[in-house]
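Participant: Need a 3D model of the following:
(chains A, B, C and D)
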2 protein chains.
Amino acid sequence: MARPRKFDRAEMLRRAMELFWRYGYEGTTLNDLTDAMGINRPSFYAAFGSKRMLFEEAVALYDSTAGAPASRAVIEAPTARAAVEGMLRANASACAEVGNPPGCMIVLSATIGSPDSEEVRRHLSEWRVRGQHQLRDRLRRAIADGDLPSGADPDGLAAFYTAVLEGLSIQARDGASAAVLHGIVDRAMAAWDALTTPAPR
Amino acid sequence: MARPRKFDRAEMLRRAMELFWRYGYEGTTLNDLTDAMGINRPSFYAAFGSKRMLFEEAVALYDSTAGAPASRAVIEAPTARAAVEGMLRANASACAEVGNPPGCMIVLSATIGSPDSEEVRRHLSEWRVRGQHQLRDRLRRAIADGDLPSGADPDGLAAFYTAVLEGLSIQARDGASAAVLHGIVDRAMAAWDALTTPAPR
DNA sequence: TGGGTTTTATACTGATCCGAACATAACGCC
DNA sequence: GGCGTTATGTTCGGATCAGTATAAAACCCA
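Facilitator: Numbers count the residues shown, from 1 in each chain, chains lettered A, B, ... in the order given. This is a model prediction of the structure:
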């Protein structure tokens, strides 16, 4: 029994995600957001609370859409190797997809900036660390399954492959093509046997 | 025959570098800079021209100081393998050095942001690409020297190891210790033989 | 000790930042 | 059709952004 809003909140969240993805948290202004949404500020605040709350929602949306294939690969792939490669391939493809902002939103959109936004950066950092832990847990499970030798080091492997994943985003921002990114993945995967058999070091 | 400035320009440039390194280009304000330098705005503009000019000078200083060991390794190491490992080790150590801002300034300080600063980001991107090309050229030379087999792919290898290098900085921002970063380097180097002998793919 | 030059210091510019106040307009229910 | 509720549009607020105008102060040389 009240006036209904005349914009599609989900669609506006999607547009916000795109802006944050392209320009980062601090690089996106409230005017950018309301302009892209075609709404004005009171509507914005009523619908999303604040810039920061919107950003956190946008990150969650990113994770469940553009970022989903990589996460899914980690969880659903039948082997540890397929999990890692699937994660990297999905990320490489997404990072270079034409029409989308280059690179991964979770990696890039708040890595550095003014002290005012430190909480936002920590929030995003937690997403990255969580992803790394999911990968580590998947590798642990692979050891339990006998898929990986017991000498393999899940933490070290997860750190290495996450670092490669993160490097892909910087490379994408620097203009690397999908072919180049997949070449990087090729090489990361070529290391697999050396990294997983006996003692990596 | 004029009033001498009463601050050490080189020292102030060093302080500016530290701020840009820690907070990035857009995350550092003119007030931050002048406060850290202990000077006021007219002195700032007389000495450094503009925020952007100062940033570019600060990047050059970074490259010639904190970034120098990595560059030097690429140029001076006796073998391709030592060049790559030296670059990564130097970077891993610098990224986790206590007292310094975590991560590499060239990788992190302007990867994303408002359209207003696009030129600054391009400028920094050129530094990154230049580093990658120096590595590639070093690998080409190694092939010419017979240090690497002729089937090795300098471009692909340079892209891969640069991606790892860039990933180190994100990991450092996320709190990775020097030990973790060097573990990542261990794994990147464990891949060396697989990546350089016969056909990497 | 005075003249010329450059650096200081204070204050200000217009623009933009995120967020909020205000009154008006559109809806469902009684 | 009036009422309560919510969304809308316009406008404002204090803070901060990068950069500058104006004037006073400090130096070297003569």
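Participant: So is the regular element (helix or strand) spanning A:Met17 next to DNA strand C?
Facilitator: Assigned by DSSP states H and E, A:Met17 falls within helix A:9-23. No - judged by Cβ under 7 Å from any atom of the strand, helix A:9-23 stays clear of DNA strand C, getting no closer than 10.3 Å. Heads up, the C-betas are built off the backbone N, CA and C, glycines and all.
Participant: which parts of that helix are buried?
Facilitator: Going by neighbour count (16 or more other Cβ atoms under 10 Å in any protein chain shown), the buried part of helix A:9-23 is A:Met12, A:Leu13, A:Arg15, A:Ala16, A:Met17, A:Glu18, A:Leu19, A:Phe20, A:Trp21, A:Arg22, A:Tyr23.
Participant: got a list of what the closest residue to the third one other than its chain neighbours touches?
Facilitator: Think A:Arg15. In this structure, A:Arg15 finds its nearest non-sequential neighbour in A:Ala36, 4.8 Å apart by Cβ to Cβ, 6 or more residues apart in numbering or on different chains. By Cβ atoms under 8 Å, 6 or more residues apart in numbering or on different chains, the contact list for A:Ala36 reads A:Arg15, A:Ala16, A:Glu18, A:Leu19.
Participant: Give me the residues contacting the helix or strand encompassing A:Ala194.
Facilitator: A:Ala194 belongs to helix A:192-196 when assigned by DSSP H and E. With contact meaning Cβ under 8 Å, 6+ apart, helix A:192-196 is reached by A:80-81, A:84, A:148-149, A:152, A:157, A:160, A:200, B:187, B:190-191, B:193-194.
Participant: Just give the closest residue to A:Leu148, not the sequence neighbours.
Facilitator: A:Ala142 (4.2 Å).
Participant: got it, and A:Val84?
Facilitator: A:Tyr161 (5.3 Å).
Participant: and the helix holding A:Ala194, C-alpha only, in CSV?
Facilitator: Presented in CSV, the C-alpha positions along helix A:192-196 are these (Å, rounded to 0.1, in the frame of the first residue of the first chain):
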residue,chain,number,x,y,z
TRP,A,192,51.7,-29.4,-12.2
ASP,A,193,53.6,-32.6,-12.1
ALA,A,194,56.8,-31.0,-10.8
LEU,A,195,54.8,-29.3,-8.1
THR,A,196,52.6,-32.2,-7.0
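Participant: gap between that helix and the chain center?
Facilitator: How far helix A:192-196 lies from its chain's middle: 25 Å, per Cα atoms, centre = their mean, to the nearest Å.
Participant: mean confidence for that helix?
Facilitator: Per-residue pLDDT over helix A:192-196 has a mean of 96.
Participant: Show me which parts of it are buried, residue by residue.
Facilitator: A:Trp192, A:Ala194, A:Leu195, A:Thr196.
Participant: what about the nearest residue to the second one once chain neighbours are set aside, neighbour count?
Facilitator: The shortest distance from A:Ala194 to any non-neighbouring residue, by Cβ to Cβ, 6+ apart, is to B:Ala190 (4.7 Å). Around B:Ala190 there are 16 other residues, counting by other Cβ atoms under 10 Å in any protein chain shown.
Participant: Quick check: B:Ala190 vs DNA strand C, distance?
Facilitator: 44 Å (Cβ to the nearest atom of the strand, to the nearest Å).
Participant: helices or strands up against the biggest helix by length in chain A?
Facilitator: Under DSSP state H, the helix in chain A containing the largest number of residues is helix A:118-145. Packed against helix A:118-145 by the contact rule (3 or more Cβ pairs under 8 Å, 6 or more residues apart in numbering or on different chains; DSSP states H and E) you find helix A:51-64, helix A:68-76, helix A:80-95, helix A:105-108, helix A:154-173.
Participant: Of all the residues in the third one, which ones are buried?
Facilitator: Using 16+ other Cβ under 10 Å as the test for burial, helix A:80-95 gives A:80-81, A:83-92, A:94-95.
Participant: could I get these as TSV with pLDDT and distance to B:Cys104?
Facilitator: Converted to TSV, the buried residues of helix A:80-95 look like this (pLDDT from 0 to 100; distance: Cβ to Cβ, whole Å):
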residue	pLDDT	distance to B:Cys104
A:Ala80	98	30
A:Arg81	98	30
A:Ala83	98	29
A:Val84	98	25
A:Glu85	98	27
A:Gly86	98	29
A:Met87	98	24
A:Leu88	98	22
A:Arg89	98	26
A:Ala90	98	26
A:Asn91	98	21
A:Ala92	98	22
A:Ala94	97	24
A:Cys95	95	20
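Participant: I appreciate the help and will end here.
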